[in-house]
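Undergrad: quick check, what structure comes out for this input:
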Amino acid sequence: MIYRLSVLVAFFIVTTSTVWAQSDRWQQRIEYKMDIVMDVEAHQFTGKQNVVYHNNSKDELNKVFYHLYFNAFQPNSMMDVRSRTIQDADTRVGGRILELKKDEIGYHKIKSLKQNGKDVAFEVVGTILEVTLNEPIKAGASATFDMEFESQVPLQIRRSGWNSEEGIELSMTQWYPKMCEYDYQGWHANPYVGREFYGVWGDFDVKITIDKDYTIGGTGMLQNPSEVGHGYEKVGEKVDLKDKKNITWHFKAENVHDFAWAADPDYIHDVVEVDENLVLHFIYQDDDNYKDVWKKAQKKTVQAFKFIQARYGKYPYGQYTIIQGGDGGMEYPMATLITGKRNFGSLVGVIVHEVMHTWYQMLMGSNESLYAWMDEGFTSYASNVVRAHLFNAQGAFPHDGSYRGYLYLATSGAEEPMSTHADHFNTNFAYGQASYSKGAVFLGQLNYIVGEGVFDKAMLKYYDEWHFKHPNPNDFIRVMEKESGLELDWYKEYWVNTTNRIDYAIVDVLKGNKSSKDSVVIKAKEGNYFASSGKVDKKGTTIYIERKERMPMPLDVVVTYKKGKLTQLATFNIPLEIMRGHKQDELKNGNQTVMPDWKWTHPVYELNLPIPMKDIEKIEIDPSLRMADIDRDNNVWEK
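TA: Okay, the predicted model is just below:
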């Protein structure tokens, strides 16, 4: 009896632990079918939407929510008021929504909504549609929703709209009633105030009926190229549209979390192959001032896709479309909208950045509203690497701009933790620098902590393990921990959840050193440093390093010294005790000596070197520039 009880208890513990460990890894699933009829003169459209929603959670759902993004473009909306009250308003938005005329505002009017064939109660609350279900969607069950709606496209202000500054007629992004995401943190029915997005993985089957003169580019694979033409038909095939007023475009996209498109009667459409599995579409205005630049950028884009896939993971879809539209650059599944009146370097740069979003948002699907840095920061880091490759600038530090942006933020007095929700930063400046610059530095410093080779392997591992799965920060850092064998939770907690800064200084260099293995010392008073014990070796050198700010980091201390007539380099790696290990030797030449751990509680470290002081020419903390030290002037000692 005792034995049986023990077995049952053990079984309960193992089973419960397994369920608990896996409880946050489910994700919802959705299938959209939409029929859209576009009135290009009125900038309005009617829509029929059929949605099959799969509740893969363990919860019973009594409500569902939709995003109604176009409702943000109305006077006194949350986006309008936010844009007028934040201290550093986005010039594309600030005050413009308030001035919109009746035919320039955006809206979604829900004409009807049915759940499983029966009318269901709903309420429009700003940019969110709240739906009270007739019957709950039980765990593991599905429900079908049929909606009819009428929408008006707003004048182009932010991301979507008609008549952009460059004359693009329709930039159709965040344009349809979109089901909100439900995950282990519950519903994410965030009002649209101009920031980031979070969506449900699913399939889209979209038909768009529009004036025959308009060329469309966007998400998905076109199903009827021979019916619509406009550069999608096979080479040599002729498509006759002269007797038609409107045509219907039919797109399908599988395993994506959004659908975007753009349309204009003046578009040029070029098609370029990356390989037998991937085609790129370039859709841009017929402008003599920029056509050559767009043509020239196509070859670089092909090179970029090949490099990105080798370094960061395979692109899983059959096409990608680069479209002139919007108000800057904005990423969507299988497509991006960018402004196109740029010089060559700028155009390639924005294309690379928006394409790179495919890997760190479109394929990962992280909660970009809550973890904007996991998208913008990772994308910025990777696109820095890609641009350096494309323009043969590998010798320079590719992340210099990101580090400078972070240092400006860290010394501005306006910094907020990266864990702040994207919508709730006090300033646009703090949001932008935290998500883009500090997010990129997050990866740059991980490269420094674990070593370049390990880091590169871990980035591919992250792609392999987490694409299509909505990873969160802990999921990412665990990949880095497993690949490096180090404990890295301290790094994530300091860098993401606080605004603590890094500053290390070489405060003294003395002739002779102690032979004690205990390298940590106590700073008694300014200028006096006492080692714990040990026999003095007069031939060596003692370096005292102080942590002046609150955030601890492992250090690479590089010593330049003379050995005979030759100049030598020696790297001394000082791990943190809380890492429970040290990075692998990443040096391509020279050598790395791993020193005793530095306890994060101790402000001063005594580094004992076997090199005579008379031979040392220079001592530098992190000459690789990967550690975001706020004062690099005190990182160097020179004879």
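Undergrad: when you work out contacts or count neighbours from here on, use the C-alpha atoms and nothing else.
TA: Fine.
Undergrad: and stretch 91-108, average pLDDT?
TA: Confidence over stretch 91-108 (mean pLDDT, whole number) is 97.
Undergrad: what are the buried residues along it?
TA: Neighbour counts over stretch 91-108 (16 or more other Cα atoms under 10 Å) mark 93-98, 100, 104-108 as buried.
Undergrad: also stretch 416-425?
TA: 416-423, 425.
Undergrad: one more: stretch 551-562?
TA: Result for stretch 551-562 [16+ other Cα under 10 Å]: buried residues 551-561.
Undergrad: same check on stretch 345-362?
TA: Buried residues in stretch 345-362 (16+ other Cα under 10 Å): 347-362.
Undergrad: same deal with stretch 41-57?
TA: 43-57.
Undergrad: repeat for stretch 427-437
TA: Buried residues in stretch 427-437, defined by neighbour count with 16+ other Cα under 10 Å: 427-437.
Undergrad: again, but for stretch 56-71
TA: By neighbour count on 16+ other Cα under 10 Å, the buried set for stretch 56-71 is 56-57, 61, 64-71.
Undergrad: can you check stretch 239-250 too?
TA: Residues of stretch 239-250 classed as buried: 239, 246-250 (neighbour count, 16+ other Cα under 10 Å).
Undergrad: quick one: mean pLDDT for it?
TA: Rounded mean pLDDT across stretch 239-250 is 96.
Undergrad: do stretch 57-65 as well
TA: pLDDT averaged over stretch 57-65 gives 98.
Undergrad: and stretch 613-626, by the same measure?
TA: Averaging pLDDT along stretch 613-626 gives 97.
Undergrad: list of residues touching it?
TA: For stretch 613-626, contacts defined as Cα atoms under 8 Å, 6 or more residues apart in numbering pick out 397, 441, 444-445, 447-448, 504, 506, 510-512, 539-541, 555-563, 635-639.
Undergrad: which of those are buried?
TA: Counted by 16+ other Cα under 10 Å, these give 441, 444-445, 447-448, 504, 506, 511-512, 540-541, 555-561, 635-637 as buried.
Undergrad: return the subset of those lying in helices.
TA: Residues of those located in helices (DSSP state H): 441, 444-445, 447-448.
Undergrad: pretty sure Thr55 contacts Asn62?
TA: Not Thr; residue 55 is Asn. No: the pair Asn55 / Asn62 is not scored as a contact, 11.4 Å apart, by Cα atoms under 8 Å.
Undergrad: what segments of the chain are helices?
TA: Going by DSSP H, the chain shows helices at 2-22, 78-85, 225-228, 291-312, 344-357, 372-390, 400-410, 428-432, 439-450, 452-466, 473-484, 489-497.
Undergrad: before we move on, back to that, could the buried residues of stretch 551-562 go into TSV alongside distance to Arg311 and pLDDT?
TA: Formatted as TSV, the buried residues of stretch 551-562 follow (distance: Cα to Cα, whole Å; pLDDT from 0 to 100):
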residue	distance to Arg311	pLDDT
Met551	31	98
Pro552	30	98
Met553	27	98
Pro554	26	98
Leu555	27	98
Asp556	26	97
Val557	29	97
Val558	29	96
Val559	32	96
Thr560	33	96
Tyr561	36	96
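Undergrad: do I have it right that Glu376 meets Tyr436?
TA: Yes: with contacts counted by Cα under 8 Å, Glu376 reaches Tyr436, the gap being 5.0 Å.
Undergrad: tell me which of the buried residues of stretch 56-71 fall in strands.
TA: Using DSSP state E, the subset of the buried residues of stretch 56-71 located in strands is 61, 64-67.
Undergrad: show me the shaky parts of the stretch 501-639 of the chain.
TA: 514-537, 587-590 (pLDDT under 70).
Undergrad: contacting residues for the most centrally placed residue in the chain?
TA: Most central residue of the chain, judged by C-alpha distance to the mean C-alpha position with Cα atoms, centre = their mean, is Asp375 at 0.8 Å. Counting by Cα under 8 Å, 6+ apart, Asp375 touches 357, 360-361, 366, 368, 435.
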